[in-house]
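Q: structure for the following, please:
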Amino acid sequence: MTPARTPTMPSVQARQALRWSVAAAVAGVALALSGCGPVQAGAAAVVGDQSLSTSSLAEQTQEIQRVLGKPVDTADAKTTSGIVQQWVLQRIVATLAAAQGVAVTPAQVDDQISALEEQNGGTAEFDKVAATSGVAPSMVADVIQLNLQAAAVAQKLAPGTDEQAQNDALTAAVRNTGKELGVEVSPRFGTWDAAALQVGPRPTDLAVPPAGAATQSAASDPGAVEPPPPADVIPAP
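A: Purely as a prediction, here's the structure:
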């Protein structure tokens, strides 16, 4: 059995591989993705007919906190919105890849993960790199697949061209796919910024009842329950 390598500082390559590269490829381009409308109950985000449940989001944030040695109930809004962002991009690019006949095999994903673990001194150290980058270790394979799919789609859409041309082609394809699918993010976790392909801050125009309104409503309807304010942090179960 080969002895584990001495843990090293997280490599630049590992961090780059773990960042959702589609956002970097099309950053600054206004994409016409829908970011408003009602979101399914219990869903943090919806893309087409697929949804990310708030319970799954909570599990991922807690996993990141555990790997980093932090209390599971102290994840901040940046962590949760980052996970939502990853998930949205994964759904859009997966749909686009299927439409283009692009397939990424589990072996390709495993090979890249193995290489990244080797570069970073083993699985445990690489898990820390992932968590520091806002990726739950259990979701690393999905993020790697996203990157591989995006690269393959870009090359297929603009074969034989330079990186900029491929990025432009990918941008147009993501635009069309996003428009067809529709993207909605629960205001509890932010707003979908179509131009930057990011989940931005929570909306500031959430309806806030005037002082005393909730009390009056409860008085007129004894069965009414005042909803809690949106949470910045997903509480531990």
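
Q: count of neighbours near residue 53?
A: Neighbour count for residue 53, taken as other CB atoms under 10 Å: 13. Every residue, glycine included, has its C-beta placed from N, CA and C.

Q: check the one 10 residues further on too.
A: Using other CB under 10 Å as the criterion, residue 63 is surrounded by 21 other residues.

Q: i'd like the first residue to be 46 from this point on
A: Done: numbering now begins at 46, and the last item shifts to residue 108.

Q: pLDDT score for it?
A: At residue 108, the pLDDT value in this model is 95.

Q: what sits against it?
A: Contacts for residue 108 (CB atoms under 8 Å, 6 or more residues apart in numbering) come out as 176, 181-183.

Q: adding neighbour count and distance to residue 194, write those residues out as a markdown table.
A: Below are the contacts of residue 108 laid out as a markdown table (neighbours: other CB atoms under 10 Å; distance: CB to CB, whole Å):
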| residue | neighbour count | distance to residue 194 |
| --- | --- | --- |
| 176 | 22 | 23 |
| 181 | 23 | 19 |
| 182 | 19 | 20 |
| 183 | 13 | 19 |
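
Q: widest-spaced pair of those?
A: In those, two members sit farther apart than any others by CB to CB. They are 176 and 183, at 10.6 Å.

Q: and which of the contacts of residue 108 is nearest to residue 105?
A: Set against residue 105, the nearest of the contacts of residue 108 by CB to CB is residue 181 (4.1 Å).

Q: verify the contact between the closest one and residue 101 for me.
A: No - using CB atoms under 8 Å, residue 181 is not in contact with residue 101, being 10.0 Å away.

Q: residue 194 contacts residue 140, doesn't it?
A: No - Residue 194 lies out of contact with residue 140 (CB under 8 Å); the separation is 10.0 Å.

Q: this completes my enquiry, with thanks.
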